[in-house]
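Visitor: no FASTA, just this:
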């Protein structure tokens with residue numbers, strides 16, 4: 001088994017939830033280097049818990065609120081409410097609970113496959129993934145500025161490969177257009193199962209999205225003065241997808257106001273098909289440590 005295959009298997013293990021009771025599940029957490037549960041993880045685990053209560057349906061949308069930080073060292077309980085089961089659509093409400101309190105709540109909707117009208121926006125004209133190379137997110141000369149945990153997080157190759165259409169330097173304080181375009185894919189082949197592919201897309205959709213809102217302001221999301229955290233997250237799945245083939249994440253931030261940054265994203269496959277869309281708000285607050293004492 002290659003390291004890439006092992007990385008994917010390790011990640012999928014966190015979505016293999018333990019069944020405690022009807023509509024009640026338990027999951028463990030990975031530590032990406034922050035000591036806190038990564039938002040994409042609890043999103044994906046909540047979706048997987050909902051999937052475990054449905055039959056012959058695929059998720060077509062989800063809406064979630066992040067309420068509290070999660071502790072990587074403790075398990076998370078996922079409680080699923082079966083709100084409705086219709087002939088075509090099913091709806092679920094999920095609470096992710098730790099220490100007796102919800103750290104995330106999610107509503108999601110599932111649909112049996114149907115055919116109907118089709119149209120979509122065009123994929124932006126960007127270099128393809130074969131024209132780009134994988135680069136470290138942090139320039140080598142600036143890695144020493146990071147804490148050991150963050151250094152491990154931002155320099156270790158994980159289960160996904162990212163190729164940035166535009167070079168990204170989180171320490172560059174030059175204001176930029178609030179756009180990020182990134183090709184990504186799982187590093188090893190996966191079974192042809194939409195539950196796996198949509199769950200993994202939910203996980204990875206939390207990367208790079210809301211940090212797009214920092215670009216016009218010449219501030220790094222790694223700046224210790226910046227209080228930066230996801231507040232909510234929404235996704236819409238438009239078409240079947242394969243996350244082990246190249247996908248383009250086209251992110252932009254149309255607004256920042258009232259200490260919140262807002263970003264939207266479109267996910268296209270290698271053939272230009274729009275497979276998913278995302279939206280996210282994050283707390284984006286600068287604070288003075290000397291005044292906070």
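Guide: In hand now; what should we look at? From a predicted model like this one, the values you see are computed outputs, not experimental measurements.
Visitor: which stretches of the stretch 1-150 of the chain have low pLDDT?
Guide: For the stretch 1-150 of the chain, applying pLDDT under 70 flags the ranges 1-4, 33, 136-150.
Visitor: now do the helices in it.
Guide: Using DSSP state H, counting those that start in this stretch, the helices of the stretch 1-150 of the chain run over 3-13, 39-51, 148-155.
Visitor: and residue 247, how far from residue 253?
Guide: According to Cβ to Cβ, to the nearest Å, residue 247 stands 20 Å off from residue 253. (Each C-beta comes from the backbone N, C-alpha and C, glycine too.)
Visitor: please disregard the earlier target; I meant residue 60.
Guide: 25 Å.
Visitor: ok, now residue 23?
Guide: According to Cβ to Cβ, residue 23 stands 37 Å off from residue 253.
Visitor: those two: which is more packed in?
Guide: residue 253 (25 against 17; other Cβ atoms under 10 Å).
Visitor: please state the offset of the helix or strand where the more buried one lies from the chain centre?
Guide: In the assignment (DSSP states H and E), residue 253 maps to strand 247-257. Computed by Cα atoms, centre = their mean, to the nearest Å, the separation of strand 247-257 from the middle of its chain amounts to 13 Å.
Visitor: would you map the strands across the stretch 101-250 of the chain?
Guide: For the stretch 101-250 of the chain, applying DSSP state E, counting those that start in this stretch gives strands covering 101-111, 160-164, 179-186, 226-237, 247-257.
Visitor: quick one, the third one and strand 160-164 angle?
Guide: It refers to strand 179-186. Interaxial angle of strand 179-186 relative to strand 160-164 (axes from the mean of the first three to the mean of the last three Cα atoms, to 10 degrees): 150 degrees.
Visitor: mind listing what strand 179-186 pairs with, with the direction of each?
Guide: Strand 179-186 has its sheet partners listed here by DSSP bridges as strand 160-164 (antiparallel), strand 247-257 (antiparallel).
Visitor: hey, least reliable of the ones you listed by pLDDT?
Guide: If these are sorted by mean pLDDT, strand 160-164 sits at the bottom with a mean of 93.
Visitor: how about that one, which residues are buried there?
Guide: Residues of strand 160-164 classed as buried under the neighbour-count rule (16 or more other Cβ atoms under 10 Å) are 160, 162, 163, 164.
Visitor: and the contacts of that strand?
Guide: Contacting residues not belonging to strand 160-164 are listed as 129, 132-135, 137, 180-187, 204, 207 [Cβ atoms under 8 Å, 6 or more residues apart in numbering].
Visitor: just the buried members of the residues you listed?
Guide: 129, 180, 181, 182, 183, 184, 185, 186, 187, 204, 207.
Visitor: in a markdown table: the residues you listed, plus distance to residue 218.
Guide: Below are the buried ones among the contacts of strand 160-164 laid out as a markdown table (distance: Cβ to Cβ, whole Å):
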| residue | distance to residue 218 |
| --- | --- |
| 129 | 29 |
| 180 | 16 |
| 181 | 20 |
| 182 | 21 |
| 183 | 26 |
| 184 | 26 |
| 185 | 31 |
| 186 | 34 |
| 187 | 33 |
| 204 | 27 |
| 207 | 22 |
